[in-house]
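In: kindly return the folded structure for what I paste below:
(one chain, ligands or ions: 1)
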Amino acid sequence: MAGAGFIGCLAASTLQAQRLPTNVTPQHYTLELAPDLKTASFTGKERIEVTLAQPASSITLNAAQITFQSVTIAADGKTQTAKVSEDKANQQVTFQVADPIPAGEAAIDIQYTGILNGQLRGFYLSKTPKRNYAVTQFEPTDARRAFPSFDEPAMKAKFSTTLIVDKGDMAISNTNVISDQPGPGADKHTVRFATTPKMSTYLVAFLVGDFQCVSGSSDGVPIRACATPDKVGMASYALTGAEFFLHYYDTYFGIKYPMPKLDMVAIPDFEAGAMENFGAITYRETALLVDAKTASIGAKKLVAVDVAHEMAHQWFGDMVTMQWWNNLWLNEGFATWMESKAVEAWKPEWHLQQDVALATDGVLNYDAGKVTRAIRAKAETPAEINEMFDGITYQKGGAVLDMTENYEGKEVFRQGVHKYLSAHMYGNATAQDFWNAQTAVSGKPIDKVMDSFIAQPGVPLLKFSAPQNGSTATSQQRFYLSPEITAQQSQVWTVPVCFKSGSGSSATAKCALLSSAQQSLAVPSAEIFYANANDKGYYRTEYAPADYSKILSAVETGLTPAERIGFAGNEWALMRSGRGNVGDYMDLVSALRNDPNGGVIGELSGAIDAVDARIATPADRKLLAAWVRRQFRPAYDRVATITPTDSAEKRELRATLFGMLGEIGHDPQIIAEARQMTDKYLADPASVEPTLVRPAIFISTANGDSQLFDRLQQVSQTSNNPEAKTTALFALATFHNPELLRRALDYATSGKVRNQDSVFLFVVAMRDRDTRPIAWDYMQKNWDKVHAQLTTMMGGYLVGSAGSFCSAEKAQEVQTFFSTHPVTAAQKAMQRATDSIHDCTVLRAAQQPNLATWLSRQGAQ
Ligand SMILES: [Zn+2]
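Out: Okay, here's the model as predicted:
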């Protein structure tokens, strides 16, 4: 899966662990499903061919929200009717027969009915104003809501699916259609799909409705991108990307795309970002559909990255699947790592390595909190399995693979991937299988490196003494963002440390392996001593003061853009942990203020925003705003003029500077321009440079009136362009006028906003210091309405959003409120939120005086 755009994902279930017995293994499912879109129900006819290792008189499998009509088990020429007993708490069902079924083959025939639910999980109903759709989301444990099944990833089987749907409706499943016959009755048709290869239940998909598609192909494989009829015109961009990626992956993996066709379908209601169902990928509309002419760079990147991510899963996850959910990172870490590689090949002008550096910096901070976990972690119940879909699995998993590839070399690593995939085709595998393949091809101790990062939680901090005679004394310890936590000295990683070698942009990397708490490492000669070449290391660094000063003085010439992002992120993290002064950090910001890369300015902008929101007093904020204007206005003026040939880099840089000057700098000229631009956009969406639209709207809403609110709300209701619609919708939660903000939150909970989006209005309002008090007050006073919006993933997002407060009093208030108004299984999010509030109070106490001193010095310059 790909996330919905916010880190973290929490489950709404408190089920107890129970794995299925291993005596019975499924071989082949024959499914015939007839959904009724009007009554939100379906009937199912299912045959499961199984193999019994030993004789048994009962068979246990998974089922939830299924009503059984009849169950028979046939074996050895004899058919017996089974008694059905349900264990609802464990989502299991047991079929009992009078006479034991012999070892060997048997067939289970089941007739049942189920519901098309409204919870965005299992077989569910998605709605537009015109009609209903029946669609599926099974990962991780919800195939059992559509058909009784051995619903574990290692219990792979073949599937032969038939869907009986309304005349005129399209049916999509994992494979190609092999027959499409009218009937039964005058108003139905029956669509049969080819038998799949062996695959896991969580990757099965059924999609029914009046979808329309654009078609293409790549390496002989037919590809379609589909949407509701009003939006199919926006599917071509994703289709073009998919054509590129399929050939790219065929070549990279050295294994042809494993299915007969590829469909990609945008679903109006979708909880995650996208889902890699084998041969039938599903997406949130914003993750598949863009109007290529009017889309921002950000919206195009989102589509490209999600399409590349889900397609990488077709090999990594779908063809070769993790043995169990504890190794979910094998799927998700890999797809996260691969997505930017493929998109970088498609659109080199986007400089995806900067986005990778930003993501790695983000997860290093996430992983340096008090509440974290190892990448590979115990996950038995559906609740625990759902909790695995977080930043540690995705971004840390991806970053560790990136570090490993950088250490091995690209081609050697690729060979290891090929070796691993070809050894486990259509089967299951573990972390060891992956790193053993890499160790074998590289001859390097990749098993030790990966094991130390996959099995241990947290972030290493590497300290380097000033190099002498070609070597540096190096030590490692666990790094925490909070200065209050002391490191466990016993925790040691096997870390490939790559030093910059040579000078300037021609510098290459030389890597050494650090494997004990203290060790001397050989250092190549270089213009500057820099121990995280290419920004590929999953660690924080601390240098001797003289070495740091040298890096700082050569930061624009000696480091690459990705390294500058990593370096700034590193200094921010050290300051947070009590190892630095916010004034020194701001001097680094100043040294980078003319950087021509959008990603670098984006990193700085995020940090300045955090200084503004988490450290500054109201008086400091005024001085900080003035400083931001002085520092960054000249850089903006250099790129302000829009020309048709502007590069993506320039467009993103301009938008980031514009947003920073308006939102943090309160630059009156920028604010006026933003409002003009917003009005122009609302009159004619094609008349404004697309990448400036979002910052312009978000600047305007801060001072916006009810007229602007009404117009944005109208766009959010009437636009059929997913980017325009969601930008306008989320902008409603950024109005500073209390009355308008309350209107936005009323609207979010009115039932008129899809529950895939409604919680994000609260998350957006909780982020900003100026809107947060109103949002929090609203949430507490209207809890029943807010709570009614929560689906499985959304509870964690909502609780997590309270972590942006910054006082002991608020920490107490948040804790008290959520302990009396519990959100199911948002326990970890709750812990993170209260830790985050506490950390902020510590940070403010330590750094606000430093900030005030530093700001007073700036005024004179
Ligand atoms: Zn994924």
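In: can we go C-alpha only for contacts and neighbour counts from here?
Out: Noted.
In: could you pull up the mean pLDDT of stretch 696-716?
Out: For stretch 696-716, mean pLDDT rounds to 97.
In: leaving aside the residues next to it on the chain, what's closest to the closest residue to the ion within the stretch 251-400 of the chain?
Out: Of all residues in the stretch 251-400 of the chain, E332 sits closest to the ion, at 4.6 Å by Cα to the ion. In space, and not counting its chain neighbours, E332 is closest to Y394: 5.2 Å by Cα to Cα, 6 or more residues apart in numbering.
In: ok so, going back, buried residues in the helix or strand encompassing the residue of the stretch 251-400 of the chain closest to the ion, which are they?
Out: Element membership for E332 (DSSP states H and E) is helix 328-346. Buried residues in helix 328-346, counted by 16 or more other Cα atoms under 10 Å: 328-344, 346.
In: touching that helix from outside, list them.
Out: With contact meaning Cα atoms under 8 Å, 6 or more residues apart in numbering, helix 328-346 is reached by 1, 241, 244-245, 248-249, 304-306, 308-310, 312-313, 316-317, 321-322, 350-353, 356, 375-376, 388, 393-399, 401-402, 430-431.
In: so which of those reach the ion?
Out: Checking these against the ion by Cα under 5 Å from the ion, the ones in range are M1.
In: about what we covered before: how far away from the center of its chain is the helix holding E332?
Out: How far helix 328-346 lies from its chain's middle: 11 Å, per Cα atoms, centre = their mean, to the nearest Å.
In: with stretch 586-599 instead?
Out: 27 Å.
In: next, count neighbours for the residue in the chain positioned nearest to the ion.
Out: Residue nearest to the ion within the chain: M1 (3.3 Å; Cα to the ion). Applying other Cα atoms under 10 Å, we find 24 residues neighbouring M1.
In: L125 versus that one, what's the distance?
Out: Computed as Cα to Cα, to the nearest Å, the M1 to L125 distance reads 19 Å.
In: please apply the same query to T294.
Out: From T294 over to L125 (counting by Cα to Cα), the distance is 31 Å.
In: neighbour count for these two, which is higher?
Out: More neighbours surround L125 than the other of T294 and L125, with 24 against 18 (other Cα under 10 Å).
In: the more buried one: which element?
Out: Applying DSSP H and E as the criterion places L125 in strand 122-127.
In: distance from that strand to the middle of the chain?
Out: Per Cα atoms, centre = their mean, the displacement of strand 122-127 from the mean C-alpha position of its chain is 22 Å.
In: so, low pLDDT: which residues of the chain?
Out: For the chain, applying pLDDT under 70 flags the ranges 3-17, 487-489, 504-507, 825, 860-861.
In: can you do 50?
Out: Counting by pLDDT under 50, the chain has low-confidence residues at 5-16, 861.
In: which other helices and strands contact the helix or strand hosting D263?
Out: Assessed by DSSP H and E, D263 sits inside strand 262-267. If contacts are counted by 3 or more Cα pairs under 8 Å, 6 or more residues apart in numbering; DSSP states H and E, strand 262-267 sits against strand 221-227, strand 280-284, helix 285-288.
In: take the ones you listed and write them to a markdown table, including mean neighbour count and distance to K158.
Out: Formatted as a markdown table, those follow (neighbours: other Cα atoms under 10 Å; distance: least, Cα to Cα, whole Å):
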| stretch | mean neighbour count | distance to K158 |
| --- | --- | --- |
| strand 221-227 | 23 | 21 |
| strand 280-284 | 27 | 16 |
| helix 285-288 | 27 | 28 |
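In: the ion contacts on the chain?
Out: 1-2, 332.
In: now do 8 Å
Out: Residues of the chain lying near the ion by Cα under 8 Å from the ion: 1-3, 274-276, 309-310, 313, 331-333, 335-336, 394.
In: out of those residues, which is nearest to R284?
Out: A274 (6.0 Å; Cα to Cα).
In: which residues does the spatially closest residue to that closest one that is not a sequence neighbour contact?
Out: Nearest residue to A274, sequence neighbours excluded (Cα to Cα, 6+ apart): Y283, at 4.1 Å. Applying Cα under 8 Å, 6+ apart, we find Y283 in contact with 264-267, 270, 272-275.
In: rerun at 7 Å
Out: By Cα atoms under 7 Å, 6 or more residues apart in numbering, the contact list for Y283 reads 265-267, 273-275.
In: reformat those residues as TSV; add neighbour count.
Out: Below are the contacts of Y283 laid out as TSV (neighbours: other Cα atoms under 10 Å):
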residue	neighbour count
V265	28
A266	24
I267	27
G273	21
A274	28
M275	30
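In: wait, which of the residues you listed is closest to F529?
Out: F529 lies nearest to G273 out of the contacts of Y283, by Cα to Cα, at 40.7 Å.
In: I figured that closest one hits T286, correct?
Out: No. Counting by Cα atoms under 7 Å, G273 does not reach T286; the two are 8.3 Å apart.
In: how far is the helix or strand containing A829 from where the chain is centred?
Out: Assigned by DSSP H and E, A829 belongs to helix 827-859. Counting by Cα atoms, centre = their mean, helix 827-859 is centred 27 Å from the centre of its parent chain.
In: so which elements touch it?
Out: Judged by 3 or more Cα pairs under 7 Å, 6 or more residues apart in numbering; DSSP states H and E, helix 827-859 is in contact with helix 582-591, helix 618-639, helix 794-801, helix 808-820.
In: turn those helices into a markdown table, including mean neighbour count.
Out: Formatted as a markdown table, the helices and strands packed on helix 827-859 follow (neighbours: other Cα under 10 Å):
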| stretch | mean neighbour count |
| --- | --- |
| helix 582-591 | 19 |
| helix 618-639 | 17 |
| helix 794-801 | 24 |
| helix 808-820 | 14 |
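In: with distance to Y538 added, can I get the ones you listed in TSV?
Out: Shown next, in TSV, are the helices and strands packed on helix 827-859 (distance: least, Cα to Cα, whole Å):
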stretch	distance to Y538
helix 582-591	21
helix 618-639	31
helix 794-801	25
helix 808-820	31
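In: can you check which of the ones you listed gets nearest to L851?
Out: From the helices and strands packed on helix 827-859, taking Cα to Cα, the stretch that ends up closest is helix 582-591, at 5.9 Å.
In: give me the contacts around that closest one.
Out: By Cα under 7 Å, 6+ apart, helix 582-591 touches 571-572, 575, 604, 847, 850-851, 854.
In: now, the most widely separated pair of the residues you listed?
Out: Longest span within those, Cα to Cα: L604 and N850, 18.5 Å.
In: neighbour count winner among these two?
Out: Between L604 and N850, L604 has the larger neighbour count (other Cα under 10 Å), namely 23 against 17.
In: OK, contacts around the more buried one?
Out: So L604 contacts V589 (Cα under 7 Å, 6+ apart).
In: change the start of the numbering to 17 and stick with it
Out: Taking 17 as the first residue, the last one we looked at is L620.
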